[in-house]
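*Asks:* Structure for the following, please:
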Amino acid sequence: MAGGAAVLAKVAVLAVAAALVVAVGVYLAREPDPAQMPVGDLPGWKQTGAQDFTEPARAGEVGDVYGADMRGYHDLEDTSGMGVYTPDSVLSVRNGKLDYFLHTADGIPRVAAPVPFGYRGQTYGRYSIRFRSDTLPGYKIAFLLWPTSDDWIEGEIDWPEGELNGKMYGVSAIKDSTLKGPARFDPPTKYYAPTDATDWHVATTEWTPGKVKWFWDGKLVGETTMPEGVPTTNMRWTLQAETKDGADQDPPKPETSGHLEVDWIVQYAYAP
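*Replies:* Got it, this is the predicted structure:
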């Protein structure tokens, strides 16, 4: 009997150990929680910036709390010319989120374009943002990489871009294309995210020599096809919310207002 009890005890110990191994394996295999800001380097990427918006800031105080670059563009017309960047009436930080209050005041749509990690920029990189938006017809976003020289000849990388009542897409302006005529874009056909932005999503841009890739919640949405057209000079990350532009532009109705929220943002340098 004693021998049998010892055998049973060993079996029980082994079963518990096996269960622990399985539990640890399952835990380690779980997908990262998208609500948690990524911290630290990744294979091939060195983290150069991270912002989790832990400090509250009322409207008009974002520049004081987070620095002038987070306040971004101000007192300038947006791309369509219908809106004006007025960050002090648009931006605040509450409940751990950067909040854009997009609205019309004195007959002018009020928008904002923070430059979260400064105007110096970098050449090549990985950029991730977790965000959501109310449905706001007439407003759009273009979270973009823009040349630090402010010379569009060097190209432009947009992701996510789209109207705040539809799906997002990615596009890259082909460098030097404006020297030969109208700007050209790669890919020529837009590839859209599978969902709109009314729920929380993580959008990631990977910019490497000769290639740009766009990811939505970790899944590839689209990529460039012309290596020679990919930008090769310093660019700054700009989180631009503005009024709708394009041939079918319509200004937001004065009564249209709501919130675009950013949970966290991270930036990496290319480190192959």
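*Asks:* For the residue nearest to Glu223 when sequence neighbours are not counted, which residues are in contact?
*Replies:* Closest residue to Glu223 apart from its sequence neighbours, by C-beta to C-beta, 6 or more residues apart in numbering: Lys213 at 4.4 Å. For glycine as for every other residue, the C-beta is placed from the backbone atoms N, C-alpha and C. Lys213 makes contact with 205-206, 220, 222-224 under the criterion C-beta atoms under 8 Å, 6 or more residues apart in numbering.
*Asks:* if we go to 7 Å?
*Replies:* By C-beta atoms under 7 Å, 6 or more residues apart in numbering, the residues touching Lys213 are 206, 220, 223.
*Asks:* ditto for Glu156
*Replies:* 144-146, 173.
*Asks:* Which stretches in the stretch 151-272 of the chain count as strands?
*Replies:* Using DSSP state E, counting those that start in this stretch, the strands of the stretch 151-272 of the chain run over 156-163, 167-173, 185-196, 201-208, 211-216, 219-223, 235-243, 258-270.
*Asks:* Redo those strands as TSV? Include mean pLDDT and distance to Phe117.
*Replies:* As requested, these are exported to TSV (pLDDT from 0 to 100; distance: least, C-beta to C-beta, whole Å):
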stretch	mean pLDDT	distance to Phe117
strand 156-163	96	15
strand 167-173	96	20
strand 185-196	93	24
strand 201-208	98	13
strand 211-216	98	18
strand 219-223	97	23
strand 235-243	98	6
strand 258-270	98	5
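*Asks:* Among those strands, which comes closest to Pro252?
*Replies:* With C-beta to C-beta as the criterion, Pro252 lies closest to strand 235-243 of these, at 6.1 Å.
*Asks:* how big is the angle separating that closest one from strand 156-163?
*Replies:* 20 degrees (axes from the mean of the first three to the mean of the last three C-alpha atoms, to 10 degrees).
*Asks:* buried residues in strand 235-243?
*Replies:* With burial defined by 16 or more other C-beta atoms under 10 Å, the residues of strand 235-243 counted as buried are 235-243.
*Asks:* Grab the nearest non-local neighbour of the residue minimising distance to the centre of the chain.
*Replies:* The residue lying closest to the centre of the chain (C-alpha atoms, centre = their mean) is Ile129, at 3.3 Å. Among residues not flanking Ile129 along the chain, Ile265 sits closest, at 4.8 Å (C-beta to C-beta, 6+ apart).
*Asks:* my guess is that neighbour contacts Pro116, does it?
*Replies:* Yes. The pair Ile265 / Pro116 is scored as a contact, 5.5 Å apart, by C-beta atoms under 7 Å.
*Asks:* Quick one, grab the pLDDT at the residue nearest to the centre of the chain.
*Replies:* You'll see Ile129 listed with a pLDDT of 98.
*Asks:* Contacts made by the helix or strand hosting it with the rest, please.
*Replies:* Using DSSP states H and E, Ile129 sits in strand 125-133. Residues outside strand 125-133 that contact it (C-beta under 7 Å, 6+ apart) are 34, 38, 45, 143, 164, 197-207, 237, 260-270.
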